[in-house]
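Q: Can you look at this prediction? I've put the sequence above it.
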Amino acid sequence: MIYVTRRAEFSASHYYHNPNFTPEENQRVFGKCSNPLGHGHNYVVDVTVSGAIDPVTGMVMDLKELKILLEREVIQLMDHKFLNKEVPAFAEKNPTTENIAVEIWNLLAPKLAHGELHRIRVYENPDLFADYYGE
C-alpha cells in the first residue's frame with residue numbers, strides 16, 4: 001500500500017456557540033472562541049490517498065487531479081468564508097478543527113476517481129491539528 005498526500009491552505013473565520021447555553025455558559029466553555037463576531041485562522045489541510053501503484057501511470061493518483069478536486073470541493077467552499085454563516089454543514093454544528101476534518105472527508109471521499117481516502121489532517125496552527133480516518 002502506498003500513501004500520497006496533497007496539501008492545501010485556506011483562511012476562514014468562525015466562532016463556537018451552543019444555542020442551548022446561556023451567553024455566560026458559552027463564554028465559560030468556549031472562551032474567546034465564543035465571540036459571535038468570530039475570529040480567523042489560516043488552515044492547512046493534508047489529504048492522504050492510499051492505494052496500489054498503477055503499472056501504467058506509476059501513480060496511486062495523479063496529484064494534479066487531487067489538487068483540482070480540493071480546490072473545487074473544499075477551497076472554493078471554505079476559503080475567506082465565515083464558516084458558521086456561509087458553509088451549510090456548520091449552520092448547526094461548531095466548525096471545530098475536528099468537524100472541519102470530518103466535513104472535508106465527506107466532501108472528498110465520494111468524489112475520488114483513484115485510490116481511497118486514507119486520512120484528512122487539518123491544522124489550525126502548527127501545534128494544533130485533527131486527524132480523521134473515516135468511520
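A: All right, it came through fine.

Q: could you pull out the helices for the protein?
A: Assigned by DSSP state H, the helices in the chain fall at 23-30, 63-70, 76-78, 83-86, 97-108.

Q: Residue 42 pairs with what?
A: residue 11 (DSSP bridges).

Q: thought residue 94 was touching residue 16?
A: Yes: taking Cβ atoms under 8 Å as the definition, residue 94 is a contact partner of residue 16 at 4.8 Å. From N, CA and C alone the C-beta is placed, and that goes for glycine too.

Q: Return the list of helices and strands in contact with the helix or strand of the chain with the lowest mean pLDDT.
A: Least confident helix or strand, the chain: strand 128-132 with a mean of 80, by mean pLDDT, DSSP states H and E. Packed against strand 128-132 by the contact rule (3 or more Cβ pairs under 8 Å, 6 or more residues apart in numbering; DSSP states H and E) you find helix 97-108, strand 116-125.

Q: for those, which one ends up most surrounded?
A: Most buried of these by mean neighbour count (mean count of other Cβ atoms under 10 Å) is helix 97-108; its value is a mean of 20.

Q: and the angle from it to strand 116-125?
A: Interaxial angle of helix 97-108 relative to strand 116-125 (axes from the mean of the first three to the mean of the last three Cα atoms, to 10 degrees): 140 degrees.
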